[in-house]
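*Asks:* predicted coordinates and the sequence they were generated for:
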Amino acid sequence: MTFVRALSFATLLVLGVIALNSCGGRQAPAELHLFIWANYIDPEVYKLFEREFGVKVIEENFDSNETLRNKLQAGVTGYDIIVPSDYTVEALIRQGLLAELDLQKIPNSAHIAPRFRGLYYDPQNRYSIPYLWGTTGIGYNAQKLETPPTSWADLFEPDRLERYKNRVSMLDDPREAIGAALKYLGYSVNSTDPQQLEAAKNLLLVQKPYLARYDSETYDDFLLTGDLVLAHGWSGEFAKAHVENSNIRYVIPREGGVIWADNLAIPKSSQRIDLAHTFIDFLLRPTINAKIVNFLRYPSTNEAATAHILPEIVNDPAIYPPEEILEKLEWIRDVGDARALYERVWDEIKSR
């Protein structure tokens with residue numbers, strides 16, 4: 001060995017020792033990248049997974065299914081697990097953007113309740129496993145309202161909104177906001193009829209001057225501060241707010257609303273597909289799934305988790321609606337080419 005080679009070897013050896021010492025003599029944990037809605041998991045779950053498997057979960061957030069879908073369609077990579085809603089799963093499957101799951105590597109998928117197996121968007125659960133579910137309706141501060149809302153009319157009719165002007169919000173989500181308007185008008189949330197969508201657009205434009213904002217991320221906080229008194233939103237956000245202030249309530253309007261399920265799926269572009277299966281199976285463990293539900297207050301799709309969920313959650317009809325309410329709810333579905341029509345309507349609403 002020459003002197004130069006010996007010196008180089010010694011230098012590398014010293015650098016290696018320094019690197020090991022800086023890591024406490026251990027390798028940095030592997031990483032798994034999760035693309036998920038904001039505040040949609042108990043952060044403690046990440047710590048438990050890293051402790052057991054030596055894998056660090058890196059979380060990135062999206063604010064709508066459209067944002068998630070557009071990123072994947074544009075070829076953005078680096079995500080190992082995503083959490084799309086039902087109709088978005090259907091679209092991503094059709095576009096060939098999801099990896100097929102190996103259910104033998106996800107034995108805890110056996111705990112999924114029959115109601116949530118084989119749903120319309122993935123009939124064989126080849127590409128997705130239901131994570132949590134919920135409904136979309138109206139949250140409100142009972143202390144600030146003269147009468148509690150019971151209908152979509154309370155969110156759309158000017159004579160009912162006038163006294164609460166600039167203290168009302170709608171979801172910043174085209175399918176949800178347009179869907180609520182369609183439901184009020186007596187149409188399906190999945191309408192592709194141009195005249196019905198035009199009517200929904202006009203209704204939302206009439207409503208817009210009374211709104212404080214379109215908001216999908218902080219409306220529950222603004223209900224708690226009193227800046228909002230009425231908010232269009234997702235059931236679990238209002239359930240969490242109710243824990244802090246019992247005057248925050250939630251109702252599904254008598255005309256019906258939306259039922260949805262968010263799902264765990266693996267993008268085809270993931271470089272850690274086996275590890276992604278491991279994390280999905282971990283989230284479906286009954287005790288882990290119950291921990292998430294107890295933290296978020298969204299209902300579980302996991303039958304075996306029920307025994308570990310707080311009774312006050314399982315027995316709350318605002319979180320787990322009775323059958324007679326569920327029968328009035330619709331799933332949002334992918335509307336295919338009519339998506340462009342929804343986008344145009346939404347752009348016109350937001351730009352005015």
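*Replies:* Received it, and whenever you're ready, just let me know what you need. Numbers count the residues shown, from 1 in each chain.

*Asks:* which stretches of this structure have low pLDDT?
*Replies:* Low-confidence segments of the chain (pLDDT under 70): 1-28.

*Asks:* and the residue nearest the centre of it?
*Replies:* Centroid check for the chain by C-alpha atoms, centre = their mean gives Trp37 as the closest residue, at 4.9 Å.

*Asks:* contacting residues around that residue?
*Replies:* Taking C-beta atoms under 8 Å, 6 or more residues apart in numbering as the criterion, Trp37 is in contact with 61-63, 83, 262. To be clear about C-beta, it is placed using only N, CA and C from the backbone, and glycine gets the same treatment.

*Asks:* give me the buried entries from these.
*Replies:* The neighbour count (16 or more other C-beta atoms under 10 Å) marks 62, 83, 262 as buried among the contacts of Trp37.

*Asks:* nearest to Ala74, of those residues?
*Replies:* Phe62 (13.0 Å; C-beta to C-beta).

*Asks:* what sits against the closest one?
*Replies:* So Phe62 contacts 35-37, 68, 71 (C-beta under 8 Å, 6+ apart).

*Asks:* and the closest residue to Asn294 other than its chain neighbours, how far is that from Phe62?
*Replies:* Distances taken as C-beta to C-beta, 6 or more residues apart in numbering place Leu310 nearest to Asn294, at 5.3 Å, with adjacent residues excluded. Relative to Phe62, Leu310 is positioned 29 Å away (criterion: C-beta to C-beta, to the nearest Å).

*Asks:* same question for Glu52.
*Replies:* 27 Å.

*Asks:* isn't the residue nearest to Asn294 right next to Phe295, touching?
*Replies:* No: the criterion here is C-beta atoms under 8 Å, and Leu310 misses it with Phe295 at 10.3 Å.

*Asks:* more crowded one of those two?
*Replies:* Phe295 (16 against 12; other C-beta atoms under 10 Å).

*Asks:* need the contact list for the closest residue to that one other than its chain neighbours.
*Replies:* Nearest non-adjacent residue to Phe295, counting by C-beta to C-beta, 6+ apart: Asp42, 3.8 Å away. Going by C-beta under 8 Å, 6+ apart, Asp42 touches 291-292, 294-296.

*Asks:* what is the nearest of those residues to Gly256?
*Replies:* Of those, the one sitting nearest to Gly256 (C-beta to C-beta) turns out to be Leu296, at 23.9 Å.

*Asks:* so which elements touch the host helix or strand of Ile288?
*Replies:* Per DSSP states H and E: Ile288 is located in helix 286-296. Using 3 or more C-beta pairs under 8 Å, 6 or more residues apart in numbering; DSSP states H and E as the contact test, the elements touching helix 286-296 are helix 43-53, strand 129-141, helix 273-283.

*Asks:* contacting residues around it?
*Replies:* 39-42, 44-45, 48, 108, 111, 132, 236, 240, 282-283, 299-300, 302, 304-310, 313.

*Asks:* report the buried residues of that helix.
*Replies:* By 16+ other C-beta under 10 Å, the buried positions in helix 286-296 come out as 286, 288-296.

*Asks:* surely Trp260 meets Arg333?
*Replies:* No: counting by C-beta under 8 Å, Trp260 does not reach Arg333; the two are 10.9 Å apart.

*Asks:* which residues are common contacts for the two?
*Replies:* With C-beta under 8 Å, 6+ apart as the test, Trp260 and Arg333 both reach Asp86.

*Asks:* more neighbours: which of these two?
*Replies:* Taking other C-beta under 10 Å, Trp260 and Arg333 do not tie; Trp260 has more neighbours (23 against 16).

*Asks:* now do the SS call for the more buried one.
*Replies:* Recorded secondary structure, Trp260: strand (DSSP: H, G, I helix; E, B strand; the rest coil).

*Asks:* what about the closest residue to it other than its chain neighbours, distance to Gln196?
*Replies:* Spatially, and ignoring its direct neighbours in sequence, Trp260 is nearest to Ser85 (5.3 Å; C-beta to C-beta, 6+ apart). Going from Ser85 to Gln196 by C-beta to C-beta gives 22 Å.

*Asks:* among the two, which residue is more densely surrounded?
*Replies:* Ser85 (25 against 17).

*Asks:* tell me the phi and psi of the more buried one?
*Replies:* Dihedral angles of Ser85 (phi, psi; degrees, to the nearest 10) stand at phi -80, psi 170.

*Asks:* doesn't Ile259 make contact with it?
*Replies:* No: checked against C-beta under 8 Å, the pair Ser85 and Ile259 is beyond contact range at 10.7 Å.

*Asks:* helix, strand, or coil at the nearest residue to Pro174 once chain neighbours are set aside?
*Replies:* Using C-beta to C-beta, 6+ apart and skipping residues adjacent in sequence, the residue nearest Pro174 is Trp346, 3.9 Å away. Following three-state DSSP, we place Trp346 in the helix state.

*Asks:* circling back: ok, which pair from the contacts of Phe62 is furthest apart?
*Replies:* Among those, the pair separated by the greatest distance (C-beta to C-beta) is Trp37 and Lys71, which sit 13.8 Å apart.

*Asks:* distance between stretch 136-144 and the chain's centre?
*Replies:* 20 Å (C-alpha atoms, centre = their mean, to the nearest Å).

*Asks:* quick check: end-to-end length of stretch 176-191?
*Replies:* Terminal residues of stretch 176-191 lie 12 Å apart, using C-alpha to C-alpha, to the nearest Å.

*Asks:* what comes up buried for it?
*Replies:* Buried residues in stretch 176-191, counted by 16+ other C-beta under 10 Å: 176-185, 187, 189-191.
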